[in-house]
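# Sequence first, predicted coordinates after that:
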Amino acid sequence: MLRRLVNQLLSLLMGSLACLALGNAQAADEAPDAMVLRLSNEVLQAIRADPALQNGDLTRIIALVDSKIMPNVNFQRMTASAVGPGWRQASPEQRRRLQEEFKTLLVRTYAGAINQVSELSVAIKPLRAAATDREVLVRSEIKGRGDPVQLEYRLEKTPGQGTGWMIYNLNVLGVWLVETYRSQFAQEISVKGIDGLIASLVERNKANAKKT
Amino acid sequence: MSGSARLPGLFSAWVASLARRVGLGMLAVTLALVLGGCASGPHANPVDPLEPFNRTMFDFNDALDKSVLKPVATTYRNLVPNLVRRGVGNFFGNLEDAWSVVNNLLQLKGEGTASSFMRVAVNTTIGLAGILDVATEMGIERYSEDFGQTLGYWGVGTGPYVVLPLLGPSTLRDTVALPVEWRGDLVVQQDDIALRNSLSALRLVDKRAKLLSLGQLMEEAALDKYTFVRDAYLQRRRNQVFDGNPPEEPQPESFGTEGK
């Protein structure tokens, strides 16, 4: 009896060690809704624990975004989607700059909302996706003092990369980020071309930087 | 105007009465402008055929907001304690819940009707005429519905995007729904003119104060404020009509990032 118990414990231990040794690529990919919940809670905790973040210290916020959020976001896809057909004609240098400036725009402007985050909690709604779906919609709700805020993510399956799922779009209260920027970008491109869009983004980022 | 109406009352009286009169004439004006304000040419947006008219209205509203409403709302936010402002918000929220009962019923949504009714019952009694939001503490969910959503639920399409003077972003359907909205609006239905105007003004200022930080965000986040507001409004409205579950729109193709 004891021998059996010891055997079971040993195999359990060996199993866990094996998992750790093999690392992420071999371990089962996390489910997308579990990933979103874990990520949201990690970010909320990081913000609660750091007063500098709550005060809007931009360097710290960018560091947080780069370390916790960006590894789980397919930002190239987001940017390409927002830029639209013009992306195909853009050179690699133009693409790099578009991504850079778009990221700066988003981080800078939404960093302002961080100080309202400390009293929030995240609840994930049941996932409605087939096991074989390569793209899923994860629905969550942020509960604060007022009405709960609906926050949703679109993720694509990236086996072996990161946690196995990458975010490529998100919405707040039903307003999708990529779609909202897509019309604005299309407007700029139709009038000024890709370089004109990059210039507008650069200008906007400079103007926002002056304010802080 | 009677001498007892104070300056804010006068302004809000003008706004409220203009809004009422404009609402009835709005339909005619909008229909007339559909032809006049229609955009044509290579930059015409199929979702926004009234773009030239809308942009003019948007700029007008924006200027009015910057010069009058935003400063008043900022002062309100700075002077009035948070607790009092929450009470104000809760009070008007309760009136909205009462209208939601009707609209949930019109949409045959049993749970929404019952929940909204419970909210109004609890908040009006235990919540002291709606000032305390006891219902949310008790976990009774809010099912916000208005007449525009009711029309949308029953299949009425949105129609073109319309920016109304003073009232802001709307759609043809929601504009047509306005007179009914006002029938269900307990503030607008008050007979006492001074009371109605004071309440209308207070509600307007309170709403604007809640949106102050969001407004700031928009200034920085948007490349083109008009387009940003339009797209956000239309998506948000669609989301509301479908209660957070809009049917999936066809996902656009990935532009050259696949296979990388």
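Perfect, I can see it now.
# And the residue of the stretch 51-200 of chain B closest to chain A?
B:Arg142 (5.9 Å; CB to the nearest CB). (Glycine included, C-beta is placed from N, CA and C.)
# Dihedrals phi and psi, B:Leu166?
When quoted as degrees, to the nearest 10, the phi and psi of B:Leu166 stand at phi 70, psi -40.
# Compute the number of surrounding residues for it.
15 (other CB atoms under 10 Å in any protein chain shown).
# what's the distance between it and B:Pro52?
19 Å (CB to CB, to the nearest Å).
# these two touch, right, the residue of the stretch 51-200 of chain B closest to chain A and A:Asp147?
Yes. Contact status for B:Arg142 versus A:Asp147: in contact at 5.9 Å, counting by CB atoms under 8 Å.
# The residue of the stretch 51-200 of chain B closest to chain A: helix or strand, and which one exactly?
Using DSSP states H and E, B:Arg142 sits in no helix or strand.
# check contacts around whatever residue of chain B ends up closest to chain A.
Nearest to chain A in chain B, going by CB to the nearest CB, is B:Asn239, at a distance of 2.4 Å. Under the criterion of CB atoms under 8 Å, 6 or more residues apart in numbering or on different chains, the neighbours of B:Asn239 are A:Gln150, A:Leu173, A:Gly174, A:Val175, B:Pro246.
# hey, which helix or strand in chain A has the poorest pLDDT?
The helix or strand of chain A with the lowest confidence, counting by mean pLDDT, DSSP states H and E, is helix A:2-22 at a mean of 60.
# What is the helix or strand following that helix packed up against?
Of the helices and strands lying after helix A:2-22 in sequence (DSSP H and E), the nearest is helix A:32-49. Judged by 3 or more CB pairs under 8 Å, 6 or more residues apart in numbering or on different chains; DSSP states H and E, the packing partners of helix A:32-49 are helix A:51-54, helix A:58-64, strand A:121-124, strand A:135-143, strand A:149-157, strand A:165-172.
# winner for burial among these?
Highest mean neighbour count of these: strand A:165-172, a mean of 22 (counted as mean count of other CB atoms under 10 Å in any protein chain shown).
# What is it packed up against?
helix A:32-49, helix A:75-83, strand A:149-157, helix A:177-211.
# Repeat the analysis, applying 6 Å as the threshold.
strand A:149-157 (3 or more CB pairs under 6 Å, 6 or more residues apart in numbering or on different chains; DSSP states H and E).
# Mind listing the strands the strand it packs on pairs with, and their directions?
strand A:135-143 (antiparallel), strand A:165-172 (antiparallel) (DSSP bridges).
# quick revisit: B:Arg142 and A:Asp147: who's more crowded?
Using other CB under 10 Å as the criterion, B:Arg142 and A:Asp147 rank with B:Arg142 on top: 19 against 14.
# where does the stretch 51-200 of chain B have low pLDDT?
By pLDDT under 70, the stretch 51-200 of chain B has no low-scoring segment.
# Recalculate using a threshold of 90.
For the stretch 51-200 of chain B, the stretches with pLDDT under 90 are B:136-137, B:139, B:141, B:166-167, B:184, B:186, B:189-191.
# how about the strands of it, start to end?
For the stretch 51-200 of chain B, the strands defined by DSSP state E, counting those that start in this stretch cover B:161-164, B:168-171.
# Give the partner strands of the last one in its sheet and their orientations.
On the basis of DSSP bridges, the sheet neighbours of strand B:168-171 come out as strand B:161-164 (antiparallel).
# Give me the pLDDT value at the residue of chain A found nearest chain B.
Closest to chain B within chain A is A:Gly174: 2.4 Å, counting by CB to the nearest CB. According to the prediction, A:Gly174 has pLDDT 87.
# For residue 133, which non-adjacent residue is spatially closest?
I went with chain A, as the question did not name one. Leaving aside its sequence neighbours, A:Asp133 sits nearest to A:Lys157 (CB to CB, 6 or more residues apart in numbering or on different chains; 7.6 Å).
# ah, I was thinking of chain B
That would be B:Asn90: by CB to CB, 6+ apart, it lies 4.4 Å from B:Asp133.
# So the one you found is in contact with B:Val134, correct?
No. Using CB atoms under 6 Å, B:Asn90 is not in contact with B:Val134, being 9.2 Å away.
# What sits closest to B:Thr136 if chain neighbours are left out?
Spatial nearest neighbour of B:Thr136, excluding adjacent residues (CB to CB, 6+ apart): B:Arg142 at 7.2 Å.
# Look up how far B:Arg85 lies from the one you found.
For B:Arg142, the distance to B:Arg85 - CB to CB - is 19 Å.
# neighbours of A:Arg108, just the number please.
So A:Arg108, with other CB under 10 Å, has 20 neighbours.
# Can you verify my assumption that it contacts A:Ala209?
No. Using CB under 6 Å, A:Arg108 makes no contact with A:Ala209, being 7.2 Å away.
# Could you find the closest non-adjacent residue to A:Leu201?
Here the residue nearest A:Leu201, using CB to CB, 6+ apart, is A:Glu101, at 3.7 Å.
# In which helix or strand does the one you found reside?
helix A:92-111.
# counting contacts, what elements does that helix pack onto?
Helix A:92-111 is packed against helix A:75-83, helix A:177-211, helix B:212-221, with contacts defined by 3+ CB pairs under 6 Å, 6+ apart.
# and B:Ala222, backbone torsions?
phi -90, psi 140.
# give the contact list for it.
Counting by CB atoms under 6 Å, 6 or more residues apart in numbering or on different chains, B:Ala222 touches B:Phe228.
# what's the distance between it and A:Ala111?
For B:Ala222 relative to A:Ala111 (CB to CB), the value is 16 Å.
# B:Leu202 too?
On the measure of CB to CB, B:Leu202 and A:Ala111 end up 32 Å apart.
# Could you list the buried residues of stretch A:198-210?
A:Ile198, A:Ser200, A:Leu201, A:Arg204, A:Asn205, A:Asn208 (16 or more other CB atoms under 10 Å in any protein chain shown).
# Any chance of a markdown table for these, columns distance to B:Thr150?
Listed next are these as a markdown table, based on distance: CB to CB, whole Å:
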| residue | distance to B:Thr150 |
| --- | --- |
| A:Ile198 | 45 |
| A:Ser200 | 40 |
| A:Leu201 | 41 |
| A:Arg204 | 39 |
| A:Asn205 | 43 |
| A:Asn208 | 40 |
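# Flag the least confident of the residues you listed.
A:Asn208 (83).
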